[in-house]
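J.: Sharing a model prediction with you, sequence too.
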Amino acid sequence: MSKLLSFFRPFRYNSHQTYIILDSYSRADMLQTYYGYDNSAFIAQLEALGFYVPPCAQSNYALTALSLSSTLNMDYLETYAADLADQNANWSHLGEYIQHSAVRAALEAQGYTTVSLESGVPWNEWTDAGLYLSQTGSALANPNAREQISAFEQLYLRTTALRIATETGQSLLARYLPNLETPAEQHYRRIRFELDQLNQIAAIPGPKFVFVHLMAPHEPYVFAADGAFRMTESADPGYLDEITWLNPQILAAVQAIQAQSAQPPVILLQADHGLDMEHRLAIFSAYYLPGGAAAQLYPAITPVNSFRLVLSAYLGADLPLLPDLSYYSHHETPYELELRTYPCTLP
């Protein structure tokens with residue numbers, strides 16, 4: 001880390017920086033080609049707000065742990081975690097590189113307060129952030145919240161006479177066990193909580209680095225297109241309905257951040273990977289970089305270069321961009337990496 005900090009010149013931009021991961025959000029051309037979903041209106045609305053949306057964006061890795069740790073350490077796996085790859089360690093061990101990354105350390109050293117929200121993913125929760133917001137530890141927590149049941153407990157219920165109840169919109173379950181909240185309902189409430197908090201964080205004074213991992217539009221698909229709770233198994237319509245509901249929520253959040261920030265904020269919206277394994281490396285990505293830094297962006301930029309560009313542009317770092325490479329691997333063999341690219345036609 002001392003080597004990284006040596007790249008910095010004196011602190012000079014006291015901005016609000018927000019990094020929002022939209023888990024499994026595929027690139028617009030992939031949504032159009034493989035699902036018939038037109039996401040152009042959302043892209044146009046972001047562009048109208050000043051975002052640059054790289055049309056050929058790809059992730060550097062196909063799995064969340066590899067992808068996020070690479071982004072937050074601004075490098076490839078063999079540079080910062082070669083020992084884990086050599087040991088063929090479980091990918092969750094990369095959580096330490098996500099929780100205590102080079103980006104976080106650099107910004108905290110420059111006076112930034114780290115803010116993080118509960119994500120429901122234990123191995124990458126930033127519980128030691130300067131401000132960690134969870135449903136149980138927030139002023140917005142509901143004292144009348146229903147008791148939660150685990151996935152195992154739900155599985156047990158599905159083997160009993162209550163199986164029909166758990167598979168028919170929860171209506172019978174709610175009637176006979178009104179105080180129980182299923183994992184799907186927990187997921188639904190958590191996403192809403194994160195978005196509600198995100199709309200308020202920018203008003204907190206002082207420079208902040210906000211890390212938000214939204215497990216949406218990732219399965220389980222629990223949002224109908226109008227935002228109502230509806231559990232859906234298939235990507236069509238579940239995944240597509242979730243995107244339809246999520247898009248205006250994200251637009252409202254970034255507008256709130258822009259309006260409440262004392263200085264023009266830096267905002268990164270980025271998927272860790274796409275939906276299906278066949279086209280998993282083609283991701284949605286969008287950058288709001290005020291003050292001319294957006295001129296350095298380009299159609300095929302990958303996340304490994306996101307914070308290299310941001311820290312150089314706003315904090316005086318001297319971090320040259322790396323080659324944009326994308327590696328595919330399976331959950332069962334995370335470190336057996338295959339270099340991949342997807343054709344991309346510029347609009």
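T.: Yep, that arrived.
J.: Phi and psi next, for Leu22.
T.: The phi and psi values for Leu22, taken as degrees, to the nearest 10, are phi -100, psi 100.
J.: just Asp226 next, same as before
T.: Here the main-chain torsion angles of Asp226 (degrees, to the nearest 10) amount to phi -90, psi 0.
J.: what number of residues lie near it?
T.: Asp226 has 9 neighbours, counted by other Cβ atoms under 10 Å. In short, each C-beta sits where N, CA and C put it, glycine included.
J.: And the one 3 residues further on, by the same measure?
T.: By the measure other Cβ under 10 Å, the count of residues near Phe229 is 15.
J.: what's the answer for Ser234, then?
T.: The burial metric for Ser234, expressed as a neighbour count using other Cβ under 10 Å, is 10.
J.: residues touching it, list them.
T.: By Cβ atoms under 8 Å, 6 or more residues apart in numbering, the contact set of Ser234 is Tyr221.
J.: and the gap between it and Gln87?
T.: According to Cβ to Cβ, to the nearest Å, Ser234 and Gln87 sit 37 Å apart.
J.: One more: His100?
T.: From His100 across to Gln87, the span is 19 Å (Cβ to Cβ).
J.: and these two? which has more neighbours close in?
T.: Per other Cβ under 10 Å, whichever of His100 and Gln87 has more neighbours is His100, with 14 against 10.
J.: what ranges do the helices span in the stretch 151-300 of the chain?
T.: Remark: helices assigned in the stretch 151-300 of the chain by DSSP state H, counting those that start in this stretch are 151-158, 163-166, 171-176, 183-201, 235-260.
J.: what pLDDT does Ala202 get?
T.: Ala202 is assigned 87 on the pLDDT scale.
J.: go on, Gln148?
T.: Residue-level pLDDT assigned to Gln148 equals 47.
J.: low-confidence ranges in the stretch 201-347 of the chain?
T.: When the per-residue scores of the stretch 201-347 of the chain are filtered using pLDDT under 70, no range remains.
J.: cutoff 90 now
T.: Low-confidence segments of the stretch 201-347 of the chain, defined by pLDDT under 90, are located at 202-206, 262-263, 276-279, 316, 331, 341-347.
J.: Isn't Ser285 up against Ile267?
T.: No: taking contact to mean Cβ atoms under 8 Å, the distance of 11.7 Å between Ser285 and Ile267 leaves them out of contact.
J.: hang on, the earlier thing: okay if I get the helices of the stretch 151-300 of the chain as a markdown table plus distance to Thr18?
T.: Output for the helices of the stretch 151-300 of the chain, formatted as a markdown table (distance: least, Cβ to Cβ, whole Å):
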| stretch | distance to Thr18 |
| --- | --- |
| helix 151-158 | 31 |
| helix 163-166 | 37 |
| helix 171-176 | 36 |
| helix 183-201 | 8 |
| helix 235-260 | 6 |
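J.: Run the chain-centre distance for stretch 244-255.
T.: Averaging C-alpha positions (Cα atoms, centre = their mean, to the nearest Å) puts stretch 244-255 14 Å from its chain's average.
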